[in-house]
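# Return a 3D structure for these sequence lines:
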Amino acid sequence: MRRDDSSFSPVFLSLFALFITCLLVSNIIAGKLILVFGLVLPSAVILFPITYILGDVFTEVYGFRKTRIVIWSGFAANVLMSAFFLIAIVLPFPIFFKDQGAYAKVLGFTPRIVAASLLAYCAGEFANSITLSALKKVTKGRYLWTRTVSSTVVGQGLDTAIFIGLSFVGSVPTAILFQMMIAQYAFKTTYEIILTPVTYLVVRRVKRREGIDTFDVGVAYNPFGRGAKNG
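The predicted structure follows:
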């Protein structure tokens, strides 16, 4: 069993690229509303939970310190994407371009939505990673499903509550606000639980390919630190 190191393998980089792609695409398609069993949800719910599944894989295989790099990279990518969308929207356009309104409506994010999305993302992803990492030490690496489900319940709970709360409080009735939270939370959590066998398969194959099974013994769960040892 090999501990975490500072290298980044082709497998890690491939998973990293997939994580960033799913994250950015989720934010782009989130403006489209869909009906799922009579519930109105943003279309991002079909893709965004995959970022949590990948987050589980990163933490389980590579440990918290490398996962922290992935999370902050996703944060930076989101900020960069939002900034360039806004720049593209305000740039002058030729008179024959008739789709400025549609372009701005689809890709334009209000500062409130951007702030809510970024805060929810960081809180949810870090809570997911820390919960899984801590439980891995408690379970001595056994019962992976308990870690993936528990981390999902905690991470998605924070993500949903923060995003919906900050984005829509004051603009929709309180009863509707809580309905939106419950519906999204239930859907995303159920989605990830159903895909638990896929998570098992990916984790097993990545561990075998990489020869890594990291335990974060003594690692400080500080999102802003260098992952120094406790004590």
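
# Tell me the pLDDT of Arg226.
pLDDT for Arg226: 62.

# Offset the numbering so it begins at 53, please.
Noted, 53 is the first residue going forward, which turns the last one into Arg278.

# those helices in the chain, which residues are they?
62-81, 101-114, 116-142, 152-159, 163-190, 196-220, 226-246, 248-262 (DSSP state H).

# What residues of stretch 134-141 count as buried?
134, 137-138 (16 or more other C-beta atoms under 10 Å). All C-beta spots, glycine's among them, are computed from the backbone N, C-alpha and C.

# before we move on, the earlier item: now the helices of the chain as a markdown table including distance to Ser95 and mean pLDDT?
A markdown table is the format used below for the helices of the chain (distance: least, C-beta to C-beta, whole Å; pLDDT from 0 to 100):
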| stretch | distance to Ser95 | mean pLDDT |
| --- | --- | --- |
| helix 62-81 | 5 | 94 |
| helix 101-114 | 13 | 94 |
| helix 116-142 | 17 | 94 |
| helix 152-159 | 12 | 90 |
| helix 163-190 | 15 | 93 |
| helix 196-220 | 15 | 92 |
| helix 226-246 | 12 | 89 |
| helix 248-262 | 21 | 94 |
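
# Of the ones you listed, which is nearest Asn274?
helix 116-142 (8.6 Å; C-beta to C-beta).

# what packs against that closest one?
helix 62-81, helix 101-114, helix 152-159, helix 163-190 (3 or more C-beta pairs under 8 Å, 6 or more residues apart in numbering; DSSP states H and E).

# Would you mind finding the most buried of those helices?
helix 101-114 (a mean of 25; mean count of other C-beta atoms under 10 Å).

# Setting the sequence-adjacent residues aside, check what's closest to Met232.
Once flanking residues are discounted, Met232 sits nearest to Ile216: 5.2 Å by C-beta to C-beta, 6 or more residues apart in numbering.

# wait, what's in contact with that neighbour?
Contacts for Ile216 (C-beta atoms under 8 Å, 6 or more residues apart in numbering) come out as 229, 232-233, 236.

# how about the nearest residue to Gly160 once chain neighbours are set aside, what does it touch?
Among residues not flanking Gly160 along the chain, Ile141 sits closest, at 5.5 Å (C-beta to C-beta, 6+ apart). Residues in contact with Ile141 (C-beta under 8 Å, 6+ apart) are 155-156, 159-160.

# Export these to TSV and append columns for distance to Gly209.
Shown next, in TSV, are the contacts of Ile141 (distance: C-beta to C-beta, whole Å):
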residue	distance to Gly209
Tyr155	35
Ala156	33
Leu159	29
Gly160	29
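
# picking up where we left off before, closest one of the buried residues of stretch 134-141 to Leu196?
Ser134 (34.6 Å).

# my guess is the closest one contacts Pro163, does it?
No. At 9.4 Å, Ser134 does not count as touching Pro163 under the criterion of C-beta atoms under 8 Å.

# what's Glu266 sitting at in phi/psi?
Quick fix: residue 266 is Thr, not Glu. When read as degrees, to the nearest 10, the backbone of Thr266 gives phi -80, psi 130.

# Quick check: it vs Phe148, distance?
From Thr266 over to Phe148 the distance is 56 Å, taken as C-beta to C-beta, to the nearest Å.

# I appreciate the help and will end here.
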